[in-house]
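S.K.: model this:
(one chain, ligands or ions: 2)
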Amino acid sequence: MTSVLVTGGAGYIGSQAVLALMDAGFAPVVLDDLSTGLREAVPPGVPLVVGDVADAALVERALRDHRAGAVMHFAASLIVPESVARPLAYWRNNLAGTLGLLEGCVAAGVRRLVFSSTAAVYGIPEVLPVAEDAPCRPINPYGASKLAAERLIGDAAAAHGLSCVALRYFNVAGADPLGRTGRRRPGATHLIAVACDAALGRRDAVTVFGDDYDTPDGTGVRDYVHVADLATAHVAALRHLLDGGGSATLNCGYGRGHSVLSVLRAVEHAAGRPVPHRIAPRRAGDPPAVIAVADRVRALLGWQPAHDSLDRIVGDALAWEGRLAAPAMRALA
Ligand SMILES: NC(=O)c1ccc[n+]([C@@H]2O[C@H](COP(=O)([O-])OP(=O)(O)OC[C@H]3O[C@@H](n4cnc5c(N)ncnc54)[C@H](O)[C@@H]3O)[C@@H](O)[C@H]2O)c1
Ligand SMILES: O=c1ccn([C@@H]2O[C@H](COP(=O)(O)OP(=O)(O)O[C@H]3O[C@H](CO)[C@@H](O)[C@H](O)[C@H]3O)[C@@H](O)[C@H]2O)c(=O)[nH]1
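M.R.: Ligands and ions are numbered 1, 2, ... in the order given. Have a look, this model is predicted:
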């Protein structure tokens with residue numbers, strides 16, 4: 001059974017990937033500093049090494065102790081407005097973190113890596129949908145630090161015989177369809193989580209940032225991808241590397257866009273009640289529309305999404321959020 005080191009495995013997407021690895025017969029080991037992740041997101045029986053991925057000696061030790069054959073690297077800082085306010089912290093965590101990880105991998109002789117990248121590397125796409133070879137012109141320190149990490153990995157790969165699949169995620173949402181994990185931090189900022197909060201009465205209304213974009217209904221358009229499909233894409237990327245496949249950079253989306261208003265309608269439909277919203281000015285740094293050219297990941301990895309539907313994404317997000325809300329609501333009753 002191949003052991004896989006999962007950095008950031010106590011977080012939202014990493015914890016879903018840990019479950020997907022277990023479902024696929026791999027043995028995950030989590031390395032996480034618990035800065036935004038939570039211990040309870042790591043399933044019982046999965047080893048958790050608490051520490052900083054920038055610590056190359058710690059990474060090397062974890063890889064050797066657990067005889068890891070590959071790494072999935074999720075650990076990062078990822079809130080776009082925070083990256084604008086605290087660029088040095090973002091560059092340190094996302095670039096120095098990746099550097100420490102690579103040093104640890106090279107020292108331990110581990111040469112296969114799946115890396116969490118982001119559509120934020122593209123900035124404002126000139127052509128939609130956006131393909132992997134489109135120009136990368138990030139418009140915030142988060143996207144810039146992730147692009148730099150991609151390039152750092154590319155240099156290390158060339159010199160040290162590493163192979164890496166970098167997955168550029170589009171808008172990740174939803175929760176585990178079996179209810180095992182999901183977003184756990186309060187204070188949601190992502191649209192679907194915010195809309196679920198409003199549907200569950202945990203906030204008054206959703207603020208819609210701009211209805212004057214050049215999009216069909218004037219609101220921002222995004223390519224929402226189910227977190228469970230993203231997790232199986234990681235397992236497919238890992239298998240590709242373990243089978244001797246070469247490095248690749250792949251968009252991870254479904255290739256379809258949904259507007260803010262259509263997301264709100266989907267949440268209303270799933271919740272069976274209205275989601276109040278108010279229109280506000282555009283949010284700084286928001287591209288009007290971001291949609292993936294999503295063919296390459298299917299062709300190269302044979303990835304077959306199982307939850308490719310906005311209703312599924314919203315339904316699973318709402319079920320998870322409702323479950324999280326239940327104890328608090330019972331306490332209030
Ligand atoms: N959530 C999205 O919509 C989205 C979109 C595109 C890309 N991504 C990427 O996916 C990855 C995971 O994001 P997420 O949404 O699960 O976020 P998250 O905050 O839930 O998970 C990040 C995890 O990494 C850990 N971590 C952070 N810095 C660390 C460090 N220096 N050492 C060890 N552990 C550290 C945190 O404690 C947390 O458990 C990130 O790399 C992010 O850039 C996320
Ligand atoms: O309360 C809200 C929240 C969001 N939006 C809009 O909804 C859309 C999606 O926004 P959000 O869910 O915040 O995600 P993005 O800003 O698109 O960014 C996400 O998706 C990117 C990839 O496309 C990743 O790089 C980022 O890390 C991730 O946060 C945008 O048009 C927002 O303006 C609202 O109108 N109201």
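S.K.: Now do stretch 146-156: everything it contacts.
M.R.: For stretch 146-156, the external contacting residues (CB atoms under 8 Å, 6 or more residues apart in numbering) are 76, 91, 94-95, 98-99, 102, 106, 113, 115, 117-118, 120-121, 136, 138, 162, 164, 166, 247, 249. Where C-beta positions appear, they are placed from N, C-alpha and C, glycine not excepted.
S.K.: what is the rounded mean pLDDT of that stretch?
M.R.: Stretch 146-156 shows a mean pLDDT of 98.
S.K.: Can I get stretch 148-168 as CSV, trimmed to CA atoms?
M.R.: Taking C-alpha atoms only, stretch 148-168 is exported to CSV below (Å, rounded to 0.1, in the frame of the first residue of the first chain):
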residue,chain,number,x,y,z
ALA,A,148,5.8,31.3,-8.3
ALA,A,149,5.4,28.0,-6.5
GLU,A,150,4.5,26.3,-9.8
ARG,A,151,7.7,27.7,-11.3
LEU,A,152,9.8,26.7,-8.3
ILE,A,153,8.5,23.1,-8.6
GLY,A,154,9.3,23.2,-12.4
ASP,A,155,12.9,24.1,-11.7
ALA,A,156,13.3,21.5,-9.0
ALA,A,157,11.7,18.9,-11.3
ALA,A,158,14.1,19.6,-14.1
ALA,A,159,17.2,19.4,-11.8
HIS,A,160,16.2,16.6,-9.4
GLY,A,161,14.1,14.2,-11.5
LEU,A,162,10.8,15.1,-9.8
SER,A,163,7.5,14.7,-11.6
CYS,A,164,4.6,16.9,-10.6
VAL,A,165,1.0,17.3,-11.6
ALA,A,166,-0.1,20.9,-10.8
LEU,A,167,-3.9,21.1,-10.7
ARG,A,168,-5.3,24.6,-11.2
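S.K.: what about that stretch, distance to the chain center?
M.R.: 18 Å (CA atoms, centre = their mean, to the nearest Å).
S.K.: so of the contacts of stretch 146-156, which ones are in helices?
M.R.: Trp91, Thr98, Leu99, Leu102, Val106 (DSSP state H).
S.K.: nearest to Leu324, of those?
M.R.: Relative to Leu324, the closest of those is Thr98; by CB to CB it sits at 31.2 Å.
S.K.: Now do the same contact list for that closest one.
M.R.: By CB under 8 Å, 6+ apart, the contact list for Thr98 reads Val53, His73, Phe115, Ala149, Leu152, Ile153.
S.K.: ok, now Gly302?
M.R.: Ala236.
S.K.: hmm, stretch 302-321 touching ligand 2?
M.R.: No. Shown here: stretch 302-321 not in contact with ligand 2 (CB under 6 Å from any ligand atom), separated by at least 11.5 Å.
S.K.: For Ala193, grab the count of nearby residues.
M.R.: Other residues within reach of Ala193, judged by other CB atoms under 10 Å, total 21.
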